[in-house]
Structures are given as structure tokens and as C-alpha cells.
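**Student:** Fold the stuff below for me.
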Amino acid sequence: MKVLVFYACYGGGHLSAAKSIKQYIDDNYKDAETDICDCMKYVNAKIEKITVGAYNGMARKMPWAWGKFYFKSEKGFISAVSNFSNRMMSKKLLKKIDEVKPDIIISTHPFSSQMCAYLKKKGKINCMIASVMTDFASHNQWLVCHEFLDQIFVSNENMRQSIIEKGVDENKVFATGIPLSNRFLANFNKTEIKDSFGLSKDKKTILFFGGGEFGLGGEKTMKILEAFIDNIKDEYQMVLIAGKNEDMKKAFEKLVTEKNAGENVFVQGFSTQVAELMSVSNLVVTKPGGLT
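**Tutor:** Residues are numbered from 1 along each chain as shown. Predicted coordinates:
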């Protein structure tokens, strides 16, 4: 069996879900061949670079603009432009599909779902198409040409009902949750983890995520963090995760220095040990998001 997993890098969640799906298939289905591909980078790397940059810029500096764009893209002019461009780009994506010849395509982003559904509508492909909606609420971009999607996986039952009410066949919509790395199911030695991060074994731990490219609302993130630092007592300690955003990391470090909180607050940049840190945490503070 050949499986082709498509994603797009507008936010990190789509890629994380795609990687988790591939990992699970590779670990549990030894007869399967799994290929993973950024659909937008494949069809046009220049457009992908520009649009991903625009997305990150809006999310970081103008979250209100991104919010308006998100909701207006459900219908009207923006939706029509998006749908038209995906139909045009689907012709290039067909080359990848013809190369792999998959038995099933799994998509974790609405653009690739649209492209594949359109190709199936036109009779260019005939394999099964599964769409994994990496969000906690439905958006109409996921449902374009839904008649040609074979399975749709959503995060919760309310979302499933919402999609069915929009006319999607209930027999192909499944409330399964969003794919996670199996690392989050592992049992860790908490003493060893606290030792490795220099954390006290006797204090309760708060894990604080800034969120993506400084999250959707960086200023508010810093105000919330400052309130935590001002109010936590000595029996608590905090681990701050800044991710790959160096500006966020510097802002965290500056605030910790200003508050003289270095004994109880620890700043981390990008970490591959989020599952381990969550396992030793009593509270996690983070932005809302599908994969979050």
C-alpha cells in the first residue's frame, strides 16, 4: 500500500499532524510506503515563500488582519480567488501524485484537500482521499468539493455535527481527534527530566508557551507572563518556551531579568522535549490552536 501525505506550512500544526500520521503508519503498517510532501512548495516554491511569509507577518504583527482574512475566506471574493488558484495549481500537484501512484492520499491542509478533490472530480485520479482537519472548528475552505473526499477526520463531535449540517455526508465524517506524536503517550522518568532541565523536585511546575511566531497577540502574551511572574510563590517554578522565535526568547529573558525571577523562571528556545516537559508540569499555559 502506498500512502501520500500532503501538508502546507501556514502555521506549524499541519506539518506536525502530517509527521505524526507518517510516523504511525511507518511504525504499525510495515507493508506501507509513506511519502510526505509540502503541497504548496511542490507546486510553486516562490508563491509558497511569499504567502507563508505574509501569513507569519500578519499572525505576528497584525493578528486582527489575519482574523478578518480568515473569516472572509469562507465565502465571497477571497474564497473564490483561493478556490480558483487551487484548481490551477492542482495540475502541477498531479505530477507528484502520478510519480507516487498512491492508494490513499491524506491531507492535513485545506489547499491540498481542494486540489486532490478537484483532480478526482475531473477523473485525473481515482485513489481514496482522506482529509484530516487540523483545527477545532470547521472552515468552508476544508469542504470545497467535499463530495469527492472519501473520509474527513475532525477533532470533536461538535465539529462533526457542524460539518454534517453544511451538507457533508455523515457516513464519511469521523470525530477522532487531531493526530499527535506517540511521544505524548510515553511514560517518562520525571526525576530524570527535572534534573536535566535544572528544575526543583519539590516545586510545582508551570509550562508557558509563547506560541508560534510570537503567537497571535505577542503583547498580550507578555502581559499574561508578567502577571504570572508577579504572582507565583516560591513553591512554583516556570519553564518558558520561545520556540524558534529569537525575539520572543530575548523578550522572555529581559522580563525575567527585570523581575529578578531567575531562580524560579527558566527560558528555553526551540525544544524537542515538549512531551517530557509536559509530563512534569502541573499547569500548561498556551495559545489556542488546533494542534495545541
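**Student:** Please enumerate the strands of the protein.
**Tutor:** Taking DSSP state E, the strands of the chain run over residues 2-7, 33-38, 104-107, 128-132, 151-154, 173-175, 204-209, 236-241, 265-268, 283-285.
**Student:** To residue 118, which of the ones you listed lies closest?
**Tutor:** Closest of those to residue 118 is strand 128-132, at 10.6 Å (criterion: CB to CB). All C-beta spots, glycine's among them, are computed from the backbone N, C-alpha and C.
**Student:** tally of neighbours for residue 283?
**Tutor:** For residue 283, the neighbour count with other CB atoms under 10 Å is 12.
**Student:** Also residue 90?
**Tutor:** Residues contacting residue 90 under the criterion other CB under 10 Å number 25.
**Student:** If we ignore the residues flanking it in sequence, what's nearest it?
**Tutor:** Closest residue to residue 90 apart from its sequence neighbours, by CB to CB, 6 or more residues apart in numbering: residue 115 at 3.8 Å.
**Student:** again, but for residue 188
**Tutor:** In space, and not counting its chain neighbours, residue 188 is closest to residue 279: 4.6 Å by CB to CB, 6+ apart.
**Student:** tell me the contacts of that neighbour?
**Tutor:** By CB atoms under 8 Å, 6 or more residues apart in numbering, the residues touching residue 279 are 187-188, 190, 193.
**Student:** Now do it against residue 156, distance only.
**Tutor:** 24 Å (CB to CB, to the nearest Å).
**Student:** Wait, residue 100 touches residue 35, no?
**Tutor:** Yes - using CB atoms under 8 Å, residue 100 makes contact with residue 35 at a distance of 5.2 Å.
**Student:** Student question: in the chain, what's the helix or strand with minimum average pLDDT?
**Tutor:** In the chain, no helix or strand scores lower on mean pLDDT, DSSP states H and E than helix 63-72, which sits at a mean of 59.
**Student:** Now do residue 90, the pLDDT please.
**Tutor:** At residue 90, the model reports a pLDDT of 82.
**Student:** Likewise for residue 152?
**Tutor:** We note a pLDDT of 96 for residue 152 in this prediction.
**Student:** my guess is it meets residue 171, correct?
**Tutor:** No - using CB under 8 Å, residue 152 is not in contact with residue 171; the gap is 10.5 Å.
**Student:** that older thread, for residue 100 and residue 35, list the residues in contact with both.
**Tutor:** Shared contacts of residue 100 and residue 35, counting by CB under 8 Å, 6+ apart, come down to 2, 4.
**Student:** and residue 148, how many neighbours does it have?
**Tutor:** 17.
**Student:** so who does it touch?
**Tutor:** By CB under 8 Å, 6+ apart, the contact list for residue 148 reads 117-118, 120-121, 129.
**Student:** If we use 7 Å, what do you get?
**Tutor:** If you count contacts by CB atoms under 7 Å, 6 or more residues apart in numbering, residue 148 has them with 117, 120-121, 129.
**Student:** distance of residue 38 from residue 256?
**Tutor:** For residue 38 relative to residue 256 (CB to CB), the value is 36 Å.
**Student:** if we can go back for a sec, out of residue 152 and residue 171, which sits in the more crowded spot?
**Tutor:** Each of residue 152 and residue 171 has its neighbours counted (other CB under 10 Å); residue 152 has more, 24 against 8.
**Student:** how near is that one to residue 117?
**Tutor:** As defined by CB to CB, residue 152 lies at a distance of 11 Å from residue 117.
**Student:** Count the neighbours of residue 265 for me.
**Tutor:** When neighbours are counted by other CB under 10 Å, residue 265 registers 24.
**Student:** for the one 4 residues further on, same thing?
**Tutor:** Residues near residue 269, counting by other CB under 10 Å, number 14.
**Student:** same check, this time on the one 4 residues further on
**Tutor:** Using other CB under 10 Å, residue 273 has 15 other residues around it.
**Student:** Apart from its neighbours in sequence, what residue is nearest it?
**Tutor:** Once flanking residues are discounted, residue 273 sits nearest to residue 193: 7.7 Å by CB to CB, 6+ apart.
**Student:** show me the contacts for that neighbour.
**Tutor:** Residue 193 is in contact with 276, 279-280, counting by CB under 7 Å, 6+ apart.
**Student:** so how far is residue 39 from the closest residue to residue 142 other than its chain neighbours?
**Tutor:** Taking CB to CB, 6+ apart, and ignoring the residues beside it in sequence, residue 142 has residue 110 as its nearest neighbour in space, at 4.5 Å. Using CB to CB, residue 110 is found at 10 Å from residue 39.
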